[in-house]
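Asker: Sequence and computational prediction follow.
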Amino acid sequence: MSQATRLAFIAPRFPEGTTIGGAETLLKNLATCAAGAGREVTFLTTCARNHFTWDNETPPGERIIDGLRVHFFPVDQDRDVRTFARLQETISRGGRISTEDQLAWLSNSVNSRPLYDYLRKHGDEFDRIIMGPYLFGVTYFASCIHPEKTMLVPCLHDEAFAYLPVMGDMFRGVRGIMFNSEPERDLAYRLYSIQPGRCFVVGMGIAPFTTDASSFASQRGIRSPYVIYSGRREPLKGTPMLLDYINAFRNRTGRDIKLVVTGSGPMNVPHELIPHVLDVGFLEPQDKFAAMAGAVAFCHPSRNESFSIVIMESWLAGTPVLATSGSEVMRDHCLKSNGGLWFRSYPEFEEELCLLLDNPELRAALGKAGRDYVLREYSWATIKEKLFTALDANVP
Amino acid sequence: MDGMTESMFKIGAQGVDTRAIVNEIRASVGRKAEQGLYSDPRIARAEKTNLSNLSDQEFDQYYMECLRDAVFVDINDFEIHERRRLFSGLLVGFKRLIWKMLRFYTYRLWSQQNEVNAILLAATEANDNRYRDKIEELEARIARLEGTK
């Protein structure tokens, strides 16, 4: 085992201010962890901030951000958005497309030729190139440049894109893969028949914090119990379902429960639910943690998770989790931690939420179990060891 | 939380057993579904974005029952809100007046929509039953063929 001291990290966007995404945050935090341990770290990314438009909003060039040397490269402006959207739609529906079309879909996704040129020119200066998430053109094409040095952080979900044969080529072609959880790794085994010796479960460290559980409700004038959701609001994240469930819950049980939502993206709130949804938008971390700490539960309706930073934060805030059982990853976290419950359908959601509302001791016990789990499994000391084991390993 | 044992609430030195809690919840939901407590159009509406993920056969059956209730469009009066604070009373009054004037014209739409919904539901149920029977027949055939190997 030889130490990989010179590391390049690649992500389609760099998380800064309100530009935030789970995978990007994960890569930035791993890069920061490696830099803190004395490894030489360079971060390569695009000038885009918005993951819908991919417009170049950040000036290109090199900057030092939070102690990291970050190179911003412009996104290629000649992408054919119509072709991309057409192919994306076909793939999403589970339709089969040729290898040529799969590559056309990736080519018209987010790409940066200047970033690829930099990687070709400076690839020898790095021992490992760590990149993700898996379904962007920038990851796919960057992984083809120095596959023998590439460590993929795929953030893989069980979704139509994961079944494309080109994805299998990428997973099998790179040096190694760093997964966020065991269910994510097992999904990759099922889909791509990759060698176990090149697969590592790393995850992300979560820094512990303390917060005041009553401050958010008192500042915002909330007098009823509330459920919280943090993150992007979009159908793939299950937020329409969450709104429908809360609406049905209020109607059927007659209980006055509110929904607090942090994060970004539009929400189509049913008319009668509008007075009971508090959309606070993007919050600073300490405010978000306080909002989580005061909630009856953190509800995560998304099936597409490979790790879920927000449920870890919720557990650190001492709040139990209600998660959809459609996400193997979140169900696995809930099972291992005993910090949350999972539901398949509305009736189970209703029963579980009633149970939590009626049993403060159970809520506290679940929250404590979750917090203990995060402190035990996702401390930075634990993650650092796993990260360097993966980066320094000799692979078959 | 009727129908649940007290055991699931016990919190011992080892903390709680979430698997046991979820299993008890599922048993409770099963009992309530048999009693028809989830035959509710509000559940049908709540599940509209989750349908493709629900593959459980029992759930399909009770969801169909929910849909039977949900096909009938509600044209009763409803509470009218106004989010704008300025002139809110005036705006609510104006909306109520508009609703009273237009309500009569919704009756024809309402009856037609109910008819369409009922036809669609009947077709969905017929398809569901046909596929269910076909799958059962094929499963039985596979079992027979595997038995003869």
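Answerer: Sure thing, it's come through.
Asker: who's in contact with the nearest residue to residue A:265 once chain neighbours are set aside?
Answerer: Distances taken as Cβ to Cβ, 6 or more residues apart in numbering or on different chains put residue A:233 closest to residue A:265, at 3.6 Å, once the chain neighbours are dropped. All C-beta atoms are positioned from the backbone trio N, CA, C, and that covers glycine. By Cβ atoms under 8 Å, 6 or more residues apart in numbering or on different chains, the residues touching residue A:233 are A:239, A:261, A:263-267.
Asker: quick one: contacts for the nearest residue to residue A:134 once chain neighbours are set aside?
Answerer: Nearest non-adjacent residue to residue A:134, counting by Cβ to Cβ, 6+ apart: residue A:154, 3.8 Å away. With Cβ under 8 Å, 6+ apart as the criterion, the residues that contact residue A:154 are A:132-134, A:171, A:177, A:179, A:184, A:188, A:306.
Asker: redo that, cut-off 10 Å
Answerer: Contact criterion Cβ atoms under 10 Å, 6 or more residues apart in numbering or on different chains gives A:23, A:131-135, A:139, A:162, A:167, A:170-171, A:174, A:177-180, A:184-185, A:187-188, A:306 as the residues in contact with residue A:154.
Asker: Could you check how far it is from chain B?
Answerer: Applying Cβ to the nearest Cβ, to the nearest Å, one obtains 22 Å for the distance of residue A:154 from chain B.
Asker: Hmm, residue A:337 and residue A:376 touching each other?
Answerer: Yes: using Cβ atoms under 10 Å, residue A:376 is in contact with residue A:337, at 9.0 Å.
Asker: For the stretch 101-250 of chain A, just list every one of the strands.
Answerer: The residue ranges that make up the strands of the stretch 101-250 of chain A, judged by DSSP state E, counting those that start in this stretch, are A:128-131, A:150-152, A:176-179, A:199-201, A:226-230.
Asker: The last one pairs with which strands, and in what direction?
Answerer: In this case it means strand A:226-230. Strand partners for strand A:226-230, identified by DSSP bridges, are recorded as strand A:258-262 (parallel), strand A:297-300 (parallel).
Asker: again with the fourth one
Answerer: Sheet pairing for strand A:199-201, assigned by DSSP bridges, gives strand A:176-179 (parallel).
Asker: can you count the residues close to residue B:48?
Answerer: Here the number of neighbours of residue B:48 (other Cβ atoms under 10 Å in any protein chain shown) works out to 11.
Asker: for the closest residue to it other than its chain neighbours, what are its contacts?
Answerer: In space, residue B:48 comes closest to residue A:244 once its chain neighbours are excluded; the distance is 6.7 Å by Cβ to Cβ, 6+ apart. With contact set as Cβ under 10 Å, 6+ apart, residue A:244 has these partners: A:270, A:273, A:301, A:346, B:42-43, B:45-50.
Asker: What is the burial count for residue A:385?
Answerer: Counted with other Cβ under 10 Å, the burial measure for residue A:385 works out to 12 neighbours.
Asker: what residues are up against it?
Answerer: Listed by Cβ under 10 Å, 6+ apart, the contact partners of residue A:385 are A:202, A:379.
Asker: still on that earlier bit, separate out the buried members of the contacts of residue A:244.
Answerer: Neighbour counting with 16 or more other Cβ atoms under 10 Å in any protein chain shown marks A:273, A:301, A:346, B:42-43, B:45-47, B:49-50 as buried within the contacts of residue A:244.
Asker: longest helix in the chain, by residue count?
Answerer: I went with chain A, as the question did not name one. With secondary structure taken from DSSP state H, chain A has its longest helix at helix A:360-377.
Asker: that's the wrong chain, I wanted chain B
Answerer: Determined from DSSP H, the single longest helix within chain B is helix B:88-147.
Asker: and it, what other elements does it pack with?
Answerer: Contacting helix B:88-147 under the criterion 3 or more Cβ pairs under 10 Å, 6 or more residues apart in numbering or on different chains; DSSP states H and E are the following elements: helix B:57-70.
Asker: Kindly export the helix it packs on (C-alpha atoms) in CSV.
Answerer: What follows is helix B:57-70, C-alpha atoms only, in CSV (Å, rounded to 0.1, in the frame of the first residue of the first chain):
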residue,chain,number,x,y,z
GLN,B,57,-51.5,-6.9,-3.8
GLU,B,58,-53.5,-6.2,-0.7
PHE,B,59,-52.7,-2.6,-1.0
ASP,B,60,-53.8,-2.6,-4.6
GLN,B,61,-57.2,-3.9,-3.6
TYR,B,62,-57.8,-1.4,-0.9
TYR,B,63,-56.6,1.4,-3.1
MET,B,64,-59.2,0.4,-5.7
GLU,B,65,-61.8,0.8,-2.9
CYS,B,66,-60.4,4.2,-2.1
LEU,B,67,-60.7,5.1,-5.8
ARG,B,68,-64.4,4.0,-5.9
ASP,B,69,-65.1,6.6,-3.3
ALA,B,70,-62.8,9.2,-5.0
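Asker: Next, the angle from that helix to helix B:88-147.
Answerer: An angle of 140 degrees separates the directions of helix B:57-70 and helix B:88-147 when computed by axes from the mean of the first three to the mean of the last three Cα atoms, to 10 degrees.
Asker: count of residues packed around residue A:313?
Answerer: In terms of burial, residue A:313 registers 21 neighbours under the definition other Cβ under 10 Å.
Asker: Now the element after the helix or strand harbouring it, going C-ward?
Answerer: Element membership for residue A:313 (DSSP states H and E) is helix A:309-316. Beyond helix A:309-316 in the direction of the C-terminus, DSSP H and E gives the next helix or strand as strand A:321-324.
Asker: Give me the residue at the spatial middle of chain B.
Answerer: residue B:44 (2.1 Å; Cα atoms, centre = their mean).
Asker: quick one: contacts for that residue?
Answerer: When contacts are counted by Cβ under 10 Å, 6+ apart, residue B:44 touches A:248, A:346, B:38, B:51, B:62-71.
Asker: Tell me, what's the model's pLDDT at it?
Answerer: We have a pLDDT of 83 for residue B:44.
Asker: Kindly export the helix or strand hosting it (C-alpha atoms) in PDB.
Answerer: Assigning secondary structure by DSSP H and E places residue B:44 in helix B:41-46. This file holds the C-alpha atoms of helix B:41-46, laid out as PDB (Å, rounded to 0.1, in the frame of the first residue of the first chain):
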ATOM      1  CA  PRO B  41     -60.800   9.100  -1.200                       C
ATOM      2  CA  ARG B  42     -58.400  11.300   0.700                       C
ATOM      3  CA  ILE B  43     -56.000   8.400   0.800                       C
ATOM      4  CA  ALA B  44     -56.400   7.800  -2.900                       C
ATOM      5  CA  ARG B  45     -55.500  11.400  -3.500                       C
ATOM      6  CA  ALA B  46     -52.500  11.200  -1.100                       C
END
